[in-house]
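S.K.: Mind folding the following:
(one chain, ligands or ions: 1)
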Amino acid sequence: MNKFFITTAIDYPNGSPHIGHAYEKVLADVIARYRRLCGDEVFFLTGVDQHGQKMQQTADLEGLNVATLATRNTRRFVSLWEKLGVHYDGWAATTDDLHKKCVQKILTTLHDEGQLYKKAYKGFYSVRQEQYLTEKDRGEDGGFGEEWGEVIELEEENWYFRLSEHAEWLKTAVTNGSLGILPEFRRAEVLNAIERASETDLCISRPKDRLHWGIELPFDPNFVTYVWFDALINYISFAGYRSEEGSSLPDFDTLWPANAHIIGKDILVPAHAIYWPCMLRAMGFTENQMPMLLVHGWWNIRKKSGGTDGGSEEKMSKSLGNVVDPSELAERFGVDAVRYYLVRDIVTGKDSAFDPERLISLFNSELANDLGNLLNRSINMTKRFIGGELSQTSYDDQACEEVRSSLAETIKSYRSAMDAYDLPGALKAINSHVVRCNQFIEKNPPFELRKDESQSERVATILYHLCESCLHLSVLLSPFLPDAATKIRGQLRAEQSFSGRLDDLSWGILQGGHQTGKAKPVFPRIVLEEDQN
Ligand code: MSP
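M.R.: Down below sits the predicted model:
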């Protein structure tokens, strides 16, 4: 059995989760469920990045203790994942003791090996990005651009990691593909960034008098660990790296390397493509022990029309007040609609603009109309015309053959799209078979054919093809919409019929004599109140 270790970025719980966070977790959840369907032993790790200056600042602003803020907001993330059906196997909260111990063990070893050193720094610091700036970070006008937020001048001593020593190795690892990066076009971006990073080492500490909320350096108690150095380690600490004897964590050697670190494009450089592989190398990981980075794009917000630049997009941000709350969306439109939309309308790796009208129209057309109708008609007609009992007759014709080959084609394209992390492609493959089946009904209408008794075998065969198709479609859809898939199988009374492995998904799962159940709408159309009036 293959193992599949999948992780996402761990979210800052300094506010509430928005659809960007939700997209990443649903994307990972769909991939994890798909890999299980392929028979892999999957470990899906996600969590929260609870330390750092952002958390301390938000707590100060809200007049809260920072630990209280972290606990309160972490709950919002956890309950959203529950609501959206995001099922993870490991929860990485960086304030967890086991993580702190792991970070400190790593720091101690790196310190003992001379990979860390202390030096004084005088210069500029971006509060928003929590990083020191160099002259190279200045824009063309000589100032530090908007992306850095508030920039202050600082003079302080800190601990540094000898990042630059690994730059040459990293360049090779990125070029020869040992460090996996998808989509491919991101590789060039990383190579450019390595050039710049090779000139400086990474400051991995913050003096406690400025930031107390972090993991204390085991060899210098006046400092806490820089939040990124702490957070990146979650990928291994919660996977059992250097864990204590008898711990309930997974076996690290079996799990590592991660098959997919799913992250947004904003945290590829420098954190995941530069700091992280160099940290791993300094810890003794080899080239074949590097993870694969799957970099997704961003959900932006379509600017309200009416402005001169109507139709353009802007970033979602608290300060612009345009944040979309996924929990509210799920309450309003249902979990299926939200999960479907989030992975259907964005090409993995690219950006997309969030549009609630599109969410509704995709749900209504592809799920309520196309698939919903197919299910309803297939199960209803089977009940009414043949008493719900399927039979495999000797009747066959070209139309039936075309249904079978359309399904085989769909499974093939679905699998290759899923293997390439092209989730919209996989959903389109599913829809193409749904559309084909609906056409099959129109051209071979069982409700007409049944009037002629000599056509009874043909009618039974058509209905068999429809129900068998519905079962296959429920399997293909299950990583995306697990609850709906279960409902479909329930209506077909086929919960036990399928082994649960994609490799076993071949024509003829439903046996002659199989009794189907009652049809009940799985995807009720979304009707807005304003449409009803
Ligand atoms: N805490 C760091 C990650 C540490 S990983 C060791 C962080 N947190 S975050 O809360 O700001 O972002 C978490 C993830 O959500 C990131 O992968 C980020 O790219 C993603 N997204 C944040 N806004 C997003 C959109 N608008 N759209 C899609 N994904 C977005 O960065």
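S.K.: what's near enough to touch the residue of the chain found nearest the ligand?
M.R.: Nearest to the ligand, among the residues of the chain, is residue 264, at 1.7 Å (Cβ to the nearest ligand atom). Every C-beta, even on glycine, is put in place using the N, C-alpha and C of the backbone. If you count contacts by Cβ atoms under 8 Å, 6 or more residues apart in numbering, residue 264 has them with 9, 20, 24, 295, 296, 297, 298.
S.K.: ok, the second one - how many residues close by?
M.R.: So the one you mean is residue 20. For residue 20, the neighbour count with other Cβ atoms under 10 Å is 22.
S.K.: on that earlier part again, filter the contacts of residue 264 down to the ones close to the ligand.
M.R.: Among these, the residues that sit close to the ligand (Cβ under 6 Å from any ligand atom) are 9, 20, 24, 298.
S.K.: wait, the first one sits on residue 268?
M.R.: So that's residue 9. No. With contact defined as Cβ atoms under 8 Å, residue 9 does not reach residue 268; the gap is 10.3 Å.
S.K.: ok, the two, which is more surrounded?
M.R.: The neighbour count for residue 9 versus residue 268, taken as other Cβ under 10 Å, is higher for residue 9 (25 against 19).
S.K.: Just the buried positions in the helix or strand where residue 382 lies, please.
M.R.: Using DSSP states H and E, residue 382 sits in helix 373-386. For helix 373-386, burial by neighbour count (16 or more other Cβ atoms under 10 Å) applies to 373, 374, 375, 376, 377, 378, 379, 381, 382, 383, 385, 386.
S.K.: before we move on, what about stretch 472-492?
M.R.: Going by 16+ other Cβ under 10 Å, stretch 472-492 has these buried residues: 472-482, 484-485, 487-489, 491-492.
S.K.: before we move on, back to that, out of the ones next to the ligand among the contacts of residue 264, who's nearest residue 498?
M.R.: Minimum distance to residue 498 across these is 29.5 Å, recorded for residue 24 (Cβ to Cβ).
S.K.: touching the ligand at all, the helix or strand encompassing residue 77?
M.R.: In this structure, residue 77 sits in helix 66-83 according to DSSP H and E. No. Where contact is defined by Cβ under 6 Å from any ligand atom, no part of helix 66-83 touches the ligand; the two come within 9.2 Å at best.
S.K.: on that earlier part again, can you tell me which of the contacts of residue 264 end up in strands?
M.R.: Using DSSP state E to define strands, the subset of the contacts of residue 264 located there is 295, 296.
S.K.: Can I get the contacts of residue 264 in TSV including pLDDT and distance to residue 340?
M.R.: As requested, these are exported to TSV (pLDDT from 0 to 100; distance: Cβ to Cβ, whole Å):
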residue	pLDDT	distance to residue 340
9	98	23
20	96	17
24	98	16
295	98	22
296	98	17
297	97	18
298	96	19
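S.K.: The ligand contacts on the protein?
M.R.: Near the ligand, when you scan the chain using Cβ under 6 Å from any ligand atom, you find 9-12, 20-21, 23-24, 49, 231-232, 234, 263-264, 266-267, 298-299, 316.
S.K.: Now do stretch 336-350, average pLDDT.
M.R.: Over the span of stretch 336-350, the pLDDT mean works out to 96.
S.K.: What of stretch 237-253?
M.R.: 96.
S.K.: gap between it and the chain center?
M.R.: Relative to its parent chain, stretch 237-253 has a centroid offset of 24 Å by Cα atoms, centre = their mean, to the nearest Å.
S.K.: Tell me the pLDDT of residue 533.
M.R.: 55.
S.K.: same thing with residue 179?
M.R.: 98.
S.K.: Equivalent analysis for the one 3 residues further on, please.
M.R.: According to the prediction, residue 182 has pLDDT 97.
S.K.: My read is that it contacts residue 292, right?
M.R.: Yes. The criterion here is Cβ under 8 Å, and residue 182 meets it with residue 292 at 6.9 Å.
S.K.: in what helix or strand does residue 359 lie?
M.R.: Going by DSSP H and E, residue 359 is part of helix 356-362.
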